[in-house]
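1. Take this sequence and fold it.
(chains A, B, C and D)
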Protein chains: 2
Amino acid sequence: MNARVRLATAVSVAPLAQATCAACSANEHGVCQAASAWSQPTDTSVEIQQSAHIVAARRIICREQELHDVVPIICEGWAASVVMLSDGSRQILSFLLPGDIVSAALFFDVRPHYLVEAITDVRYRTLKRSEFRAAFFKNPGLLEKLSKAWTEETIRADQLIVDLGRRTADERIARLILKLAERLEKRGMIESETVEMDFPLRQHHIVDATGLTPVHVSKVLTEFRRSGLINISDRSLTILDPVGFRRVAQTR
Amino acid sequence: MNARVRLATAVSVAPLAQATCAACSANEHGVCQAASAWSQPTDTSVEIQQSAHIVAARRIICREQELHDVVPIICEGWAASVVMLSDGSRQILSFLLPGDIVSAALFFDVRPHYLVEAITDVRYRTLKRSEFRAAFFKNPGLLEKLSKAWTEETIRADQLIVDLGRRTADERIARLILKLAERLEKRGMIESETVEMDFPLRQHHIVDATGLTPVHVSKVLTEFRRSGLINISDRSLTILDPVGFRRVAQTR
DNA sequence: CGGTGTCTTGAATACCATCAAGTCTTGTGG
DNA sequence: CCACAAGACTTGATGGTATTCAAGACACCG
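-> Numbering: from 1, shown residues only, chains lettered A, B, ... in the order given. Now for the predicted structure:
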């Protein structure tokens, strides 16, 4: 078996359960599950090798250009793909939630042009690229799943372009929060978008995702709280006034 | 044969040559060429049906949600994929040059979430989605080409996110121009990036691509000209000071 | 207990948007 | 072919959103 576990830091990985993929709530429609399904029929000879990893919050899951022959899939925790600029500023391309492939393009191209950072402690698995690709041609459903995941990535990227190009700070921040809530709900990680939810993002993550400054993000969030739209405390977030909050996000 | 030609406007399509795909200079490595190659071996029974279309400048090639079973590929001319916002403002997601698929995701998902506009007069072909997809499984090279094109799209989108999130107006505009020059050079449509090139974009295209206002784009371009970096006149552009211009684009 | 990371708040500044007016070109119908 | 309208671009003045600069509060950790 290839399921070795590498502990990036021996400390603080306790909260992450070593659950099997079958128990993974996020997998229902994902590539990850499809890959598992593919490898389970012939239970003894696993076709697609997978290996599990755990990485502590704030650590890097993989650097630019540094990806061997392997595609990471998030099993548990939040991560972000980040572009670093030479002056130290950063841009987050996307947040990765459980069930997300780091990037579907990795199945075809060797190196990502960004790095992937753990936000919380993260458990992830890697699929062998070469093996997964070979499996495409035997199993059309796999290609279907992958292209669907890639399409969703593409749509999210396009929406981010519109947000950054044409929306105000208020709108960008509100939309970021709402989109995360939607994604969590789709995965069954919250019951409804309007209920209290885990929100492990630091303000600097919002800063890097929205192209704003720490100062301004702080001011906008404070204003959101003051006007009773949302509440953030202790790494969890509640949308108090869904209608009002959506109005802030949607104007035009 | 399915190669019917629809004239969107009978006027002003004369300059577009009805060249065969074999003569298309942009196709060397693209999906389009791969599709042609696929359909040519069995010359009599063309596997992937293609149909040619011509659309005049400023016309819409396809609207959101409006795509039947067909994927357009640009053969000649420039186009743009555009998201419209309800207040009338627009965001250009990408410029499409000869050889570009409108979006690789269209081979998997039915409807684009944006519309495609012709910038110049455009000649394009459409591939039947269902047929093309079936061909994947018989011809691995096709999937290879498509994934490569999609990867490039993804990288360009990610770079645009960084530009919009973290760069100034000067940088955005300079980078847009440089990237277009690079792409034209790769296709052999110009000999070097520093030589005079066709530049059919109106300022409002730059506006919509960079997330700025018409007034500001005008001022930046005027300043670029005044300081001898570039020259734009009569729908063509010359980079007069490549080193200086790159410095404007690259800072940080 | 000092150091680091996170967040907040206020003041000054800069970048880009908005408003407005005008030139020049392009296109169109009489 | 000319007159007029619409589109494309420029330029100056003014204003607002977000940045930069600065200082401090607070929590967490070694």
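2. quick one: contacts for the nearest residue to A:Ser227 once chain neighbours are set aside?
-> For A:Ser227, ignoring the flanking residues on the chain, the nearest one in space by CB to CB, 6 or more residues apart in numbering or on different chains is A:Gly244 at 7.8 Å. C-betas here are computed from N, CA, C, even on glycine. Neighbouring residues of A:Gly244 by CB atoms under 8 Å, 6 or more residues apart in numbering or on different chains: A:Ser227, A:Gly228, A:Leu229.
3. Now do the residue positioned nearest the centre of chain A against chain B, distance only.
-> In chain A, the C-alpha closest to the average C-alpha coordinate belongs to A:Leu96, at a distance of 0.6 Å (CA atoms, centre = their mean). Counting by CB to the nearest CB, to the nearest Å, the gap from A:Leu96 to chain B is 14 Å.
4. Same check on A:Phe224?
-> In this structure, A:Phe224 lies at 21 Å from chain B, with CB to the nearest CB as the measure.
5. mind checking how far that residue is from DNA strand C?
-> Distance of A:Phe224 to DNA strand C, given as CB to the nearest atom of the strand, to the nearest Å: 10 Å.
6. Checking that residue next. Helix, strand or coil?
-> helix (DSSP: H, G, I helix; E, B strand; the rest coil).
7. mind checking how far it is from B:Asp69?
-> Between A:Phe224 and B:Asp69 the distance, using CB to CB, to the nearest Å, works out to 44 Å.
8. When those two are compared, which one has more neighbours?
-> Per other CB atoms under 10 Å in any protein chain shown, whichever of A:Phe224 and B:Asp69 has more neighbours is A:Phe224, with 23 against 11.
9. got a list of what that one touches?
-> For A:Phe224, the set of contacting residues under the criterion of CB under 8 Å, 6+ apart consists of A:Ile173, A:Ala174, A:Ile230, A:Phe245, A:Val248.
10. How about the contacts made by the third one?
-> This means A:Ile230. Residues near A:Ile230 by CB under 8 Å, 6+ apart: A:Ile177, A:Leu221, A:Phe224, A:Leu237, A:Thr238, A:Ile239, A:Leu240, A:Asp241, A:Phe245.
11. re the thing from before, looking at the contacts of A:Phe224, which are in strands?
-> Counting by DSSP state E, the part of the contacts of A:Phe224 found in strands is A:Ile230.
12. So which of the contacts of A:Phe224 are in helices?
-> Assigned to helices by DSSP state H, the following of the contacts of A:Phe224 qualify: A:Ile173, A:Ala174, A:Phe245, A:Val248.
13. how close does the residue in the stretch 51-200 of chain A that chain B sits nearest to sit to A:Asp109?
-> Closest approach between the stretch 51-200 of chain A and chain B, counting by CB to the nearest CB: A:Gly165, at 3.1 Å. When distance is defined by CB to CB, A:Gly165 is 26 Å away from A:Asp109.
14. which of the two has more neighbours?
-> Between A:Gly165 and A:Asp109, counted using other CB under 10 Å, A:Gly165 has the larger neighbour count: 26 against 18.
15. Excluding residues flanking it in the chain, which one is nearest that one?
-> B:Gly211 (3.1 Å).
16. With A:Ile101 instead?
-> Counting by CB to CB, 6+ apart, A:Ile101 lies nearest to A:Ile73, which is 5.3 Å off, once chain neighbours are set aside.
17. my guess is that neighbour contacts A:Thr126, does it?
-> Yes: between A:Ile73 and A:Thr126 there is a contact at 7.3 Å, judged by CB atoms under 8 Å.
18. More neighbours: those two, which one.
-> When A:Ile73 is set against A:Thr126 and neighbours are counted by other CB under 10 Å, the residue ahead is A:Ile73, at 26 against 21.
19. Tell me what that one is bridged to.
-> Legend: beta-bridge partners of A:Ile73 under DSSP bridges are A:Ile101, A:Arg125.
20. quick one: pLDDT of it?
-> Per-residue confidence at A:Ile73 stands at 93 (pLDDT).
21. With A:Arg133 instead?
-> 80.
22. hmm, back to that, any idea which of the contacts of A:Gly244 is closest to chain B?
-> Proximity to chain B was ranked across the contacts of A:Gly244 by CB to the nearest CB; first place goes to A:Leu229, at 21.4 Å.
23. Could you count how many residues lie near that closest one?
-> Using other CB under 10 Å, the number of residues around A:Leu229 comes to 22.
24. same deal with the one 5 residues further on?
-> Here the number of neighbours of A:Asp234 (other CB under 10 Å) works out to 6.
25. ok, now A:Thr194?
-> Counted with other CB under 10 Å, A:Thr194 comes out at 16.
26. quick one, what contacts it?
-> A:Thr238, A:Ile239, A:Pro242.
27. How about A:Thr210?
-> The neighbours of A:Thr210, taking CB under 8 Å, 6+ apart as the test, are A:Asp163, A:Leu164, A:Ala169, A:Arg172, A:Ile173, A:Leu176, A:Val217, B:Gly165.
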